[in-house]
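[1] just to be clear, the model below is a prediction. Sequence and coordinates:
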Amino acid sequence: MADKSQICSIWLGSETGILKGVSLSKKQAFNFCEMSSLSRDQEVCVMAWGDENESEVLVGSVNGTVKTFSTDKGIFTGSRECGDLSQGRFTGLAVTDSSLITCVESGLLKVWKEGSTDTVEVNVGSGICRMRQNPSQRHRVATGGKENPLKVWDLERPDKAIFTAKNVAHDWLDMRVPVWVRDIGFISDSDKIVTCTGHHQVRVYDPSTSQRRPVLEAQLGEYPLTALSLTANQNTVVVGNTHGELATLDLRKGLMCGCLKGLSGAVRGLQCHPSLPLVASCGLDRFLRVHSLEDRSLQHKVYLKSRLNCVLLSSRELESSSVDVTGDVEEVKAEDDKDEDEVWDTMETVTEKSKKRPAEKEKAAVTGVDGKKKKKVSKK
Amino acid sequence: MDATKLSTSESVSKKKGKKAKNKVKSEEKPVVEMDTESEVKEEKSASGATFPPTFSMSEIKNKQRRHMMFIKLKQEKRKQKLELKKKRKREREALGDEAPPKEVPKTIENQRVYDETTVNPEDEEVAFDEGTDEFSAYFNRLTNPKVLITTSDRPRTRTVKFCEQLATVIPDAHVYYRRGLALKRVIPQCVTHGFTYLLVVNEDRKVPNGLVLCHLPDGPTAHFKVSGVRLRKEMKRRGKEPTEHSPEVILNNFTTRLGHTVGRLLAALFPHDPQFVGRQVATFHNQRDFIFFRFHRYIFKNEKRVGIQELGPRFTLKLRSLQKGTFDSKFGEYEWVHKRHEMDSCRRKFHL
């Protein structure tokens, strides 16, 4: 189990309660669960990394438990009760400095401190769809939901939100535009926040300015956008909707760059790799797909037999074992070149001598004349 | 020109084929090889002397003559094909037991691209998934099916008759007039009245063309395209009206995970226990992503022979989308959506 979990670079949570690990290099998927004790109330709602070096995965289930899974050991190392079914599903899970932040649909945001049982509670309003943590300022979280506008909370001063977004102006029929924040993303190196809504809008807010309305708004498609993820260069964002359409959007202008094809079901989880131009998506069609953002092609497709709810990418190279192999090969080639140059220098022009290495012999046979071919060899 | 061509072709092939060829060859053998080749070439050029070597049949402007040439070409080809067949059959008989097995012709079903979502019957995870999904209440015999059949607004005769006939096929089905009601408001009322299915027949241009099948407490909604509807009066050699007995249900060829879901959706329309006294059977046959519905009455004449009579309406369905949750086409989450340009690009790839 331990070796299986150590090679997995993508972690997924499914509706059946199974935590799945996928290793793209070995093209294998593993289930980490107890097959006998499966039940639907262990359905995974949220997942998060437990620590900085990504050795622990926190899995939040419908019945209110948050389980810790160790990727080194390959087993669940602990679990804690962080709520129950009456409060709704988990909509966000985050970790700061040895405390756990959870948020449920009914709006109860709780900070659970390690060891002690006292919690800091904040009521963020009802109907929450998503809670996300700012990766650069880890004590700040943003929440949003159905008829619940985007709010940014500082957990050190939890009584009032730092920033509450204002709804856009009435539309051309002079009717109130409904609010439904489905997913939130923080743009690093700045205060800006991107949200995608159930009314197929992507909005960018800037709390550092005095404007509480969105700085940028873009309409995308006709179906609710369910998931959002920022790319490695913070200018583009990938969004997915309930029809399985993935699109990349440029945040500077608000124009769509392109679509990623292949999904046939609603997108439930989406994450871009922190350094590589890859995006992993999972959804109701029971597949994990990894697309490349440069040419928008499908790189990997893995069938995982249950509907998938969330996906977590590890920051390390996704195909790490193959990278090592190529490194060795390159080193060997370099050695060859150096030796060959020396040999060329010391060798006389007679062609029959070289019995040292078969590679040399070929080259000797090929070259009648020194000068021209020598240049070719050195270019290699 | 034609006459000469006929004569040469006659001499080569018409006169009992091989024998003529052998004779020609044996005549030419004693002569030097080079000469025979040149002679053959000359013969050929003589027969084609009337036509230049780059001649194509389409260049003849006279339609009748062109047509005659084409007919002759087809006859030649057919003849050669028959000869080849006969030759193969002779060889096969000559070899007897050692003959290689007969080759199976390629069909689209044979060449189907392997779908990785094909369900393995021993798979535990899929078994658990199916055991606890939205249909588990029906398959664990906790509920009995009760179907509400309705149409889109202001239906025409054909659709109305189709709904009535569907109601005779599906036991415990009730037909209601739509009256322009919104489905999202109809659904909670159905749930309170204990219905397990909502079936909406959509009509376009006086003919039913769509079907929305919604499993009721919170179950998936399937949207099908309906084609090839034949009502009872249009069926030839049909039997009498179907009786009230519950029919048996046959589901053919639903192999993939999506196919399993759709198969379960269709199976849950009918009561658990068929009444074999009624000798009625409803078949949902999936082939190339089209689901063919037939309703028959059977009778066993003896142990091995069965007679069947087709009763009831006949139609084909094609799945357009499967949505999780009850009917909500705008805000619902789709489990599978048919995307023509992505999914229909390969003729050998099917999803059900």
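    Cool, the structure landed.
[2] neighbours of B:Ala167, how many?
    16 (other Cβ atoms under 10 Å in any protein chain shown). C-beta coordinates here come from the backbone N, C-alpha and C atoms, glycine included.
[3] one more: A:Gln137?
    By other Cβ under 10 Å, 13 other residues sit near A:Gln137.
[4] how near is it to A:Asp154?
    9 Å (Cβ to Cβ, to the nearest Å).
[5] can you list the residue ranges for helices in the chain?
    Since you didn't name a chain, this refers to chain A. With helices called from DSSP state H, chain A shows them at A:2-7, A:320-346, A:358-366, A:370-379.
[6] hmm, I had chain B in mind actually
    In chain B, the segments counted as helices under DSSP H are B:2-9, B:18-28, B:33-47, B:63-95, B:124-131, B:136-139, B:157-169, B:183-192, B:257-267, B:340-343.
[7] can I get those helices in TSV with distance to chain A?
    Formatted as TSV, the helices of chain B follow (distance: least, Cβ to the nearest Cβ, whole Å):
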stretch	distance to chain A
helix B:2-9	56
helix B:18-28	51
helix B:33-47	44
helix B:63-95	43
helix B:124-131	5
helix B:136-139	10
helix B:157-169	28
helix B:183-192	16
helix B:257-267	6
helix B:340-343	6
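[8] which of the ones you listed sits closest to A:Gln133?
    Among the helices of chain B, the nearest to A:Gln133 by Cβ to Cβ is helix B:124-131 (31.6 Å).
[9] the closest one vs helix B:257-267, what angle?
    Angle between the axes of helix B:124-131 and helix B:257-267 is 30 degrees (criterion: axes from the mean of the first three to the mean of the last three Cα atoms, to 10 degrees).
[10] elements contacting helix B:124-131?
    Based on contacts counted as 3 or more Cβ pairs under 8 Å, 6 or more residues apart in numbering or on different chains; DSSP states H and E, the elements that helix B:124-131 packs against are helix B:257-267.
[11] what does the helix it packs on rub up against?
    A:286, A:305, B:117-119, B:126, B:130, B:133, B:135, B:139, B:213, B:215, B:219-220, B:222, B:249, B:251, B:253-254, B:284, B:286, B:291, B:319, B:322, B:335-336, B:351-352 (Cβ atoms under 8 Å, 6 or more residues apart in numbering or on different chains).
[12] narrow those residues to just the buried residues.
    Among the contacts of helix B:257-267, those buried by neighbour count (16 or more other Cβ atoms under 10 Å in any protein chain shown) are A:286, A:305, B:117, B:119, B:126, B:130, B:133, B:135, B:213, B:215, B:219-220, B:222, B:249, B:251, B:254, B:284, B:286, B:291, B:319, B:322, B:335-336, B:351-352.
[13] middle-most residue in the chain, spatially?
    Using chain A here. Central residue of chain A (Cα atoms, centre = their mean): A:Gln271, 2.7 Å from the mean position.
[14] that's the other chain; I wanted chain B
    Note on chain B: the residue nearest the mean C-alpha position is B:Gln287, at 4.8 Å, using Cα atoms, centre = their mean.
[15] from B:Glu241, how far out is that one?
    Relative to B:Glu241, B:Gln287 is positioned 28 Å away (Cβ to Cβ).
[16] what about B:Val337, neighbour count?
    A total of 23 residues lie near B:Val337 under the criterion other Cβ under 10 Å.
[17] leaving out sequence neighbours, find the closest residue to it.
    Leaving out its chain neighbours, the residue that sits closest to B:Val337 by Cβ to Cβ, 6 or more residues apart in numbering or on different chains is B:Ser321, at 4.8 Å.
[18] what does A:Leu225 give?
    In space, A:Leu225 is closest to A:Cys196, 3.9 Å off (Cβ to Cβ, 6+ apart).
[19] the one you found - how many residues pack around it?
    When neighbours are counted by other Cβ under 10 Å, A:Cys196 registers 31.
[20] dump the residue contacts of it.
    For A:Cys196, the contacting residues are A:181-183, A:202-203, A:225-228, A:239, by Cβ under 8 Å, 6+ apart.
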